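J.: with the input below, show me the fold.
(one chain, ligands or ions: 1)
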Amino acid sequence: MQPRKLDIQGIGMTSQRTRNRLIARLREQGIKDEAVLQVMRTTPRHLFVDEALGSRAYEDTALPIGHGQTISQPYIVAKMTELLLAGDKPPPKVLEVGTGSGYQAAVLSPLLATVFTVERIEPLYLATKALLHALGYRNVYPSLSDGSWGLAREAPFEAIIATAAPETVPPELLEQLAVGGKLIIPVGKQGVLQTLQVITRETSESYTTVTHEAVQFVPMIQAKT
Ligand code: SAH
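T.: Numbers count the residues shown, from 1 in each chain. Reported below is the predicted structural model:
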């Protein structure tokens, strides 16, 4: 994504209508958390995709962001955010693996105290870091790093959200969860649908897994050991 002058205010009436349509669609698909719906309504997704794709930014589809990667479908962003917020209080410190366009991190930002996010592709990391800064997301901390190792220097996390799919869950992500914390992660092979899993660290030694719907994510590139 090339840096460009940001038109933050000028979304126009048409865009507001399209945004409202998207929110209606998310409701129909079962998103219930009003705080999530409100953030999805106000987050300028058109600024997280290339200008040429801006007119499609409020469709409920994944879109290319270069480097063979995609910005996730709004429904999936809403669903994962809702799963992350389910519970008594929002998890204060969260790690996202797979910054990509920065859209998921931007949606999390107003809902949480602190969001760490890691990306392994340097040009994406640089462009997205600049964009998040320009848009004023001050509680989002991007790093250039291989997220299949987690982010040990900031662990433990009350929640970890992965927006790229590994074939098997990296043990580091489980180890870096606080007790009571949860990992929201698509798991499975490429080319077939993966399953969205929520893995909760019940005690220091035990985890429980709840499997949600079938999803399709780009691969989490796993570090060679
Ligand atoms: N959350 C993003 C989704 C981007 S797609 C958004 O809202 O736009 C997933 C991203 O995960 C890609 O940018 C990809 O480069 C990144 N990724 C894949 N494997 C990774 C790894 N091991 N560490 C960090 N990032 C990774």
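J.: output the below-cut-off pLDDT ranges for the chain.
T.: 1-14, 224-225 (pLDDT under 70).
J.: and the longest strand for it?
T.: Longest strand in the chain, counting residues (DSSP state E): strand 177-187.
J.: partners of it in the sheet?
T.: Strand pairing for strand 177-187, using DSSP bridges, gives strand 157-162 (parallel), strand 194-201 (antiparallel).
J.: list the contacts for Val36?
T.: Ala78, Thr81, Glu82, Leu85, Val107, Leu111 (Cβ atoms under 8 Å, 6 or more residues apart in numbering). For every residue, glycine as well, the C-beta is placed using N, CA and C.
J.: wait, the last one sits on Pro90?
T.: Yes: shown here, Leu111 and Pro90 form a contact pair, counting by Cβ atoms under 8 Å, at 6.0 Å.
J.: which stretch among the strands paired with strand 177-187 comes nearest the ligand?
T.: Nearest to the ligand among these is strand 157-162 (8.2 Å), distances taken as Cβ to the nearest ligand atom.
J.: and the helix or strand that the closest one is followed by, how far out from the chain middle?
T.: Remark: after strand 157-162, the chain's next helix or strand is helix 171-175, criterion DSSP states H and E. Distance, stretch centre to chain centre, for helix 171-175: 18 Å (Cα atoms, centre = their mean, to the nearest Å).
J.: buried ones in helix 171-175?
T.: Neighbour counts over helix 171-175 (16 or more other Cβ atoms under 10 Å) mark Glu172, Leu173, Leu174 as buried.
J.: count of residues packed around the residue lying closest to the first one once chain neighbours are set aside?
T.: Take Glu172 and drop its neighbours on the chain: the residue closest to it by Cβ to Cβ, 6 or more residues apart in numbering is Gly150, 4.4 Å away. For Gly150, the number of neighbouring residues by other Cβ atoms under 10 Å comes to 26.
J.: hmm, back to that, got the buried residues for the longest strand of the chain?
T.: Leu177, Ala178, Gly181, Lys182, Leu183, Ile184, Ile185, Pro186, Val187.
J.: just put those residues in CSV and tack on distance to the ligand.
T.: Shown next, in CSV, are those (distance: Cβ to the nearest ligand atom, whole Å):
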residue, distance to the ligand
Leu177, 17
Ala178, 21
Gly181, 19
Lys182, 17
Leu183, 14
Ile184, 12
Ile185, 12
Pro186, 10
Val187, 13
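J.: about what we covered before: can you lay out the buried residues of helix 171-175 as TSV showing distance to Leu47?
T.: Shown next, in TSV, are those (distance: Cβ to Cβ, whole Å):
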residue	distance to Leu47
Glu172	32
Leu173	29
Leu174	34
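J.: let me have these in JSON lines, adding distance to the ligand as columns.
T.: Listed next are the buried residues of helix 171-175 as JSON lines, based on distance: Cβ to the nearest ligand atom, whole Å:
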{"residue": "Glu172", "distance to the ligand": "11"}
{"residue": "Leu173", "distance to the ligand": "10"}
{"residue": "Leu174", "distance to the ligand": "15"}
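J.: great, nothing more from me.
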